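Q: any chance you could fold what I've pasted below:
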Amino acid sequence: MQLAGFRLTLHKWPVIMTLVTLLILTSLGFWQLSRAELKLSIQTLLFERLSQPEQALTPSLLDEDVRFRKVAATGKFVSQRQYLLDNRLHKGQPGYWVITPFTLANGSTILINRGWVAQGQDRSILPKLDVRKAKIIVHGTLSEQPGKLFELKDIAVANDAPWPRVIRNIDVKTISNQLGRPVSRYMLHLNAEEELVYLQNWTPVAVGPEKSRGYAVQWFSMAFVVLLIFIGLNCRRIESDPVQDRVR
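A: Okay, here's the model as predicted:
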């Protein structure tokens with residue numbers, strides 16, 4: 001193949017390997033762009049919902065996408081069935097999130113994050129958890145269950161373990177079995193000024209698209225470099241023939 005005084009020599013396997021590499025790199029680039037769009041949509045949803053007024057939490061509402069909604073929930077805490085979500089840091093200090101099930105008027109149950117408490121020097125001595133048993137109204141923000149921390153293996157908590165129970169991750173199915181009732185896939189994080197809240201260090205966060213866009217630029221740049229290397233290794237300038245030049 002000749003073009004503008006250059007000859008591009010194409011061999012089967014180098015061409016195939018280059019095309020496969022370009023396909024992989026550009027696919028990764030477009031995948032990162034799609035992730036950037038998804039993150040942007042979640043970020044937009046966060047800003048929109050946090051600007052909306054608080055609404056009453058109803059069982060039917062929990063069937064919808066209620067991430068980042070500010071709600072007021074009426075019901076009772078399941079005071080004898082509380083969890084301590086392990087490995088939650090506050091300013092470098094280890095501690096727990098206090099997770100207390102909350103039953104709405106119709107019997108639906110949602111887990112409530114009541115905030116952070118410090119871990120003592122002796123892990124066998126758990127913090128004492130106070131909670132009101134009467135019917136109350138609590139206010140907070142909804143989210144999906146927190147992301148799971150890495151575990152070498154699943155650590156099951158025995159059904160006869162004492163309460164409160166220390167858990168590393170939230171498993172809705174397991175908790176539903178332990179409570180004997182279905183639990184919502186959403187979690188309610190109490191507002192920092194609530195009466196029954198501990199130190200509330202949870203904040204609603206949606207990762208922006210900037211990092212994914214940066215990764216996309218890197219993948220596309222790598223694809224461009226691979227293409228340049230391929231052309232550089234297989235393209236040669238066509239040398240002119242002195243005899244033919246004199247004839248002309």
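
Q: and the gap between the nearest residue to Trp97 once chain neighbours are set aside and Leu22?
A: Nearest-residue entry for Trp97: Leu85, 4.0 Å, with adjacent residues in sequence omitted and distances by C-beta to C-beta, 6 or more residues apart in numbering. C-beta coordinates here come from the backbone N, C-alpha and C atoms, glycine included. Using C-beta to C-beta, to the nearest Å, Leu85 is found at 45 Å from Leu22.

Q: so which of these two has more stuff around it?
A: A count of neighbours by other C-beta atoms under 10 Å puts Leu85 above the other of Leu85 and Leu22, at 20 against 16.

Q: wasn't the more buried one part of a strand?
A: Yes. Using DSSP: H, G, I helix; E, B strand; the rest coil, the assignment for Leu85 is a strand.

Q: check contacts around it.
A: Counting by C-beta atoms under 8 Å, 6 or more residues apart in numbering, Leu85 makes contact with 96-99, 113, 146, 167-170.

Q: please list only the buried members of those.
A: 96-99, 113, 146, 167, 169-170 (16 or more other C-beta atoms under 10 Å).

Q: quick one: Glu144 and Arg67 touch, right?
A: Yes. At 6.1 Å, Glu144 and Arg67 qualify as touching, with contact defined as C-beta atoms under 8 Å.

Q: identify, by residue count, the longest helix of this protein.
A: Criterion DSSP state H: the longest helix present in the chain is helix 12-50.

Q: looking at that one now, give me its mean pLDDT.
A: Here helix 12-50 scores 92 as its mean pLDDT.

Q: then stretch 136-144?
A: Rounded mean pLDDT across stretch 136-144 is 93.

Q: residues in contact with that stretch?
A: 50, 54, 57, 66-77, 102, 112-113, 185-191, 194, 196, 202, 204.

Q: and if you look at stretch 191-209?
A: 35-37, 39-40, 42-43, 45-46, 50, 68, 77, 88, 90, 97-98, 113-117, 130-132, 136, 138-141, 143, 189-190.
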